[in-house]
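Visitor: The sequence and its predicted three-dimensional model are supplied below.
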Amino acid sequence: MTSTLAPNPLRKGLSSSRITDPCSVVFFGASGDLTKRMLMPAMWNLRLNDILPENYAVVGFSRSKFSDDEFRELMRKGIEEFSRSGPPKDPLWNDFAKHISYVSGGFDDPAAYANLREALERNDREFGTAGNRLFYLSTPPSVFATIVEQLDAAGLGPRDNKTGWSRIIVEKPFGTDLESARALQAEVSKVFDEKLIYRIDHYLGKEPVQDIMALRFANIIFEPIWNRRYVDSVQITAAETVGVEGRGGYYDNAGALRDMIQNHVMNLLALVAMEPPVASDADSIRDEKYKVLRAVRPIDPIRVTLDSARGQYDAGSIGGKPVPGYREEPDVRPDSNTETYAAVKLLIDNWRWADVPFYLRSGKRLGHKNSEIAIRFRSLPHRLFGEAGDSLDNNVLVMKIQPEEGISLRFNAKVPGPKMHIRSVSMDFNYGTGFGVVSAPAYERLIGDAMRGDATLFTRWDAVETAWQIVMPILERWTETIDESFPNYSAGSQGPPSSDRMLAMDGREWRKI
Ligand code: BG6
């Protein structure tokens, strides 16, 4: 069946691998925030940038009642507010809107899935979506298993799809601990093979995160020093200034360890510490990520208080504006024991990294938004230059993820003048100025990849399971014991003192956020 669109002249000359397969994308939880803020703007920009094929369709599915037109209008407003390309313009918007439809119903209601099936078959006929279906689960994790079961019962699972493919994208968190993650995996894998499951971690779609591999494996100069002989320690930071942003109900049952460390930060650790993959395909890369996570030394439960630190923010000020404490946020328990800051020290027991500490931290309502990976190199074996009083700082290579995107190398140089004064300076690369382009939002890249069948930037089950195994001793300890010091850091600060103490015990300091 042909599309309603005329061939787009801008498509000419584009490599076909950039364009996604024809398909219908179904957003479960479509009335939620993520769909209007991120997912639909991503689809729209994929369309604008000619990455969508001509044969595409989008279906929203959620409990709220909307007509197709009401849903389209809601999405138009979302795009107007949140899309990087600004308000949608006709006639392209009109055409895009025709490709959007909506199904309302409970996630456990077979009749709603029958309607969904009809909508998908209609898309195949009208838009030529060829029986290809991408189901995106942007719902609370508690309904993931139900949706998968219902899809299968309605004949929408892969085994009943005789004409095209059926894939599923699952939002994080994948489980709330090791046991629930395993139970969820058992359910999802009854219907979808691992190759059809795309566990999304939007950090992997960020350009500077993808560049970690390029920096390491597309250059000759870094890899020889990327090991215990030259590296003193590694700090991975994901610091936010925002609070829980109306998500108190979810967050108070999650906390920073589950919300950020187990997934986003652990993926950064894997990328920075893994061995070179044998090839650049999805599984070769994911094999190495899994291997390095397996090499992380299990945290001895009696060392949890030494090798981790937790915090909860109190009232304070961010950018000169007063903000409330965590316990005053809506839907948060007034005596909450949930951490809004987590720091962890990990060791990797392999030849490359033995004895090199990896310090991970993430927190909300900190002084600045800053996500980065900093590799601190060892001290000089012998001091030759520098006047008394000059400090010869260790070299540091920083991969800046956000808000700045780039790479910065800190090294020592001679201060101009008659004396041999030495001072630390930095050499900076910035993506924006370097390439003259603004990075596309992560969701755009990731949805496009899933439509294309490229799972490289999605997390495989073995890595998810191992990441849960790594954090479980801390999670158990933090759940069992009340932290009487909470709230223990002010909004706008660098985090709790216990986190500084963790590094001080090793004779080190955190980089300033
Ligand atoms: C999400 C977390 O996965 O990542 C949020 O659930 C967090 O709590 C967000 O704010 C951070 O993403 P980004 O892209 O703003 O760093």
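Guide: Nice, I can see it.

Visitor: Quick check: Ala374 is in a helix.
Guide: No - assigned with DSSP: H, G, I helix; E, B strand; the rest coil, Ala374 falls outside any helix and is strand.

Visitor: Give the buried residues for the lowest-mean-pLDDT helix or strand in the chain.
Guide: Comparing every helix and strand of the chain by mean pLDDT, DSSP states H and E singles out helix 431-435 as the least confident one, with a mean of 84. In terms of neighbour count (16 or more other Cβ atoms under 10 Å), helix 431-435 has its buried residues at Tyr431. Every residue, glycine included, has its C-beta placed from N, CA and C.

Visitor: What is the next helix or strand after it packed up against?
Guide: Per DSSP states H and E, the first helix or strand lying C-terminal to helix 431-435 is helix 442-452. On a contact count with 3 or more Cβ pairs under 8 Å, 6 or more residues apart in numbering; DSSP states H and E, helix 442-452 meets strand 23-28, helix 40-48, strand 133-137, strand 166-170.

Visitor: can you redo those as CSV with distance to the ligand, mean pLDDT and mean neighbour count?
Guide: Below are the helices and strands packed on helix 442-452 laid out as CSV (distance: least, Cβ to the nearest ligand atom, whole Å; pLDDT from 0 to 100; neighbours: other Cβ atoms under 10 Å):
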stretch, distance to the ligand, mean pLDDT, mean neighbour count
strand 23-28, 17, 98, 28
helix 40-48, 13, 96, 24
strand 133-137, 15, 98, 25
strand 166-170, 13, 97, 24
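
Visitor: Find the residue closest to the residue in the chain that the ligand sits nearest to in space, skipping its chain neighbours.
Guide: Nearest residue of the chain to the ligand, counting by Cβ to the nearest ligand atom: Asp259, 4.7 Å away. Among residues not flanking Asp259 along the chain, Tyr251 sits closest, at 6.6 Å (Cβ to Cβ, 6 or more residues apart in numbering).

Visitor: From what I see, that neighbour and Val242 are in contact.
Guide: No - in this structure, Tyr251 is not within contact of Val242 by Cβ atoms under 8 Å, at 11.0 Å.

Visitor: what pairs with Lys400 across the strands?
Guide: Under DSSP bridges, the beta-bridge partners of Lys400 are Glu372, Gly406.

Visitor: ok, back up a step: and the residue nearest to Asp259, what does it touch?
Guide: By Cβ atoms under 8 Å, 6 or more residues apart in numbering, the contact set of Tyr251 is Val244, Asp259, Val332, Thr338, Thr340.

Visitor: quick one: Val272 and Ser336, what's the gap?
Guide: Using Cβ to Cβ, to the nearest Å, we find Val272 at a distance of 32 Å from Ser336.

Visitor: Now do stretch 94-103: everything it contacts.
Guide: For stretch 94-103, the external contacting residues (Cβ under 8 Å, 6+ apart) are 4-5, 30, 44, 47, 56-61, 66-68, 70-72, 75-76, 88, 112, 115-116, 119, 122-123, 127.

Visitor: neighbours around Phe429, how many?
Guide: Neighbouring residues of Phe429 were enumerated by other Cβ atoms under 10 Å; the total is 15.

Visitor: Quickly run through the sheet partners of the helix or strand containing it, with directions.
Guide: For Phe429, the element it lies in under DSSP H and E is strand 422-430. Within its sheet, strand 422-430 is paired with strand 406-414 (antiparallel), according to DSSP bridges.

Visitor: can you list the residues of the chain near the ligand?
Guide: Residues of the chain lying close to the ligand (Cβ under 6 Å from any ligand atom) are Lys172, His202, Glu240, Val242, Asp259, Ser371.

Visitor: how many neighbours does Ala114 have?
Guide: Number of residues near Ala114 (other Cβ under 10 Å) recorded here: 15.

Visitor: wait, Pro301
Guide: Per other Cβ under 10 Å, the neighbour tally for Pro301 reads 12.

Visitor: Now do the same for it: its pLDDT.
Guide: We have a pLDDT of 95 for Pro301.

Visitor: What distance do you get for it to Glu480?
Guide: Pro301 is 10 Å from Glu480, where distance means Cβ to Cβ.

Visitor: Check Glu404 too.
Guide: Distance of Glu404 to Glu480, computed by Cβ to Cβ: 39 Å.

Visitor: Now name the helix or strand holding Thr237.
Guide: Using DSSP H and E, Thr237 maps to strand 231-239.

Visitor: Output that strand as PDB - backbone C-alpha positions only.
Guide: C-alpha atoms of strand 231-239 as PDB (Å, rounded to 0.1, in the frame of the first residue of the first chain):
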ATOM      1  CA  VAL A 231      44.900   6.200  36.000                       C
ATOM      2  CA  ASP A 232      44.600   7.200  39.600                       C
ATOM      3  CA  SER A 233      40.800   7.200  39.900                       C
ATOM      4  CA  VAL A 234      37.600   7.900  37.900                       C
ATOM      5  CA  GLN A 235      34.700  10.100  39.000                       C
ATOM      6  CA  ILE A 236      31.300   9.800  37.300                       C
ATOM      7  CA  THR A 237      28.900  12.600  38.200                       C
ATOM      8  CA  ALA A 238      25.200  13.100  37.300                       C
ATOM      9  CA  ALA A 239      24.200  16.200  39.200                       C
END
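
Visitor: follow-up on the earlier one: tell me which of the contacts of stretch 94-103 fall in strands.
Guide: Tyr56, Ala57, Val58, Val59, Gly60, Phe61 (DSSP state E).

Visitor: contacting residues around the second one?
Guide: The reference is to Ala57. So Ala57 contacts Cys23, Ser24, Val25, His99, Ile100, Ser101, Asn123, Glu126, Phe127, Thr129 (Cβ under 8 Å, 6+ apart).

Visitor: Could I get the pLDDT score of the fifth one?
Guide: You'll see Ile100 listed with a pLDDT of 98.

Visitor: Cool, thanks, signing off.
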